[in-house]
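Engineer: Dropping the sequence and predicted coords here.
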Amino acid sequence: MDISRLRALRELAKRKTMAAVADALFVSASAVSQQISQLEDEAGVPLISRRGRGVRLTEAGERLVAHAERIIGILEEAKTDLAELKKIVAGEVRLAAFPSIASTLAPAAMQEVETAHPRLRVVLNVMEPMEGLAALRAWQTDVAIVDDLTVDPSSADRNVEKTYLCDDRLYAILPAGHSLAGRDSVHLNELADAKWALDVASNKYSEVIMAACHHAGFEPVVNAYCNGFEVVVALIEAGCSVSVMPGLRLKSYRGEVVSVPVVPEIRRQIFAAVRAGETRNPSIAAVLHALGTAVELQVPAHTMSSL
């Protein structure tokens, strides 16, 4: 059986629609449908049943996916074994990182890899944590940066290993002239009457902020839903809004806003995720080492305790 067809079926089991699989594998929906049909011809039994726009795996399909998981894992383990034997740090490693990492740790890590291993190329893709984790499972990236605020713990996978990188604290972001700007800390409920700008590039992250506000006893009045950091801080600089953001996202920012630690303290842990066993791959190990070095340079003592 063709391995690419098995991967398409595996993705279909996770994503439920041909269109979602097509997006994940960077092919057309008709190509996915054709791969599944060809796989059914090879298997000699129906592997899926259609339900409106979605599909559901038959019992035969579910059994074949279980085998596909093992087959794909064995193939990746074989690649890692061969790479480990060759001891060559070369080729390409794909890194998926969300914006605050992509703008702080990733550049330093990529520069170190380029200096230490000239034959190794790191290709960065900016992805939110859940998106990066999905890309890792689909073999579309090799290292995915994730955090414990936006990645659902139920999404834990025995085929994924995580390496701790650092903690990152959340801060209230205020206009320079705000009455709370000179404080050592701000409780969220002190911002109950303010207008909020939310970065909704990651739905999960904005949900975390909304949930924290609810826990503090209020429903935030949102006057801007923004698809990116730049618009949020522009609104805050203009005095239109306040917000809450991670410290790493603000580390390289030099604009006219004030950051004040939120209390009770809200932190997230940040990890580098790889497929199980691939830390033995010399090229992937080199990227993980470079990320760790970047943390030491950018985030002293592994924590963003202050800006």
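Structural biologist: Everything's here; your move. Numbers count the residues shown, from 1 in each chain.

Engineer: Any stretches of this structure with poor pLDDT?
Structural biologist: Low-confidence segments of the chain (pLDDT under 70): 52-53, 80-87, 152-156, 299-307.

Engineer: From V65, how far off is V27?
Structural biologist: V27 sits 19 Å away from V65, going by CB to CB, to the nearest Å. All C-beta atoms are positioned from the backbone trio N, CA, C, and that covers glycine.

Engineer: With neighbour numbers in mind, choose between the two.
Structural biologist: V65 (18 against 15; other CB atoms under 10 Å).

Engineer: E11 is in contact with that one, correct?
Structural biologist: No - the criterion here is CB atoms under 8 Å, and V65 misses it with E11 at 9.6 Å.

Engineer: which residues do these two both contact?
Structural biologist: Common neighbours of V65 and E11 are not found (criterion: CB atoms under 8 Å, 6 or more residues apart in numbering).

Engineer: Any buried residues in the longest strand belonging to the chain, and which?
Structural biologist: Counting by DSSP state E, the longest strand found in the chain is strand 160-175. For strand 160-175, the neighbour count (16 or more other CB atoms under 10 Å) marks 160, 162, 165-175 as buried.

Engineer: With stretch 245-256 instead?
Structural biologist: 245-251.

Engineer: could I get the residues you listed as JSON lines with secondary structure?
Structural biologist: Below are the buried residues of stretch 245-256 laid out as JSON lines (DSSP: H, G, I helix; E, B strand; the rest coil):
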{"residue": "M245", "secondary structure": "strand"}
{"residue": "P246", "secondary structure": "strand"}
{"residue": "G247", "secondary structure": "helix"}
{"residue": "L248", "secondary structure": "helix"}
{"residue": "R249", "secondary structure": "helix"}
{"residue": "L250", "secondary structure": "helix"}
{"residue": "K251", "secondary structure": "coil"}
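
Engineer: The residue nearest to L170 when sequence neighbours are not counted: how many residues sit nearby?
Structural biologist: Nearest non-adjacent residue to L170, counting by CB to CB, 6 or more residues apart in numbering: I266, 4.2 Å away. Residues near I266, counting by other CB under 10 Å, number 18.
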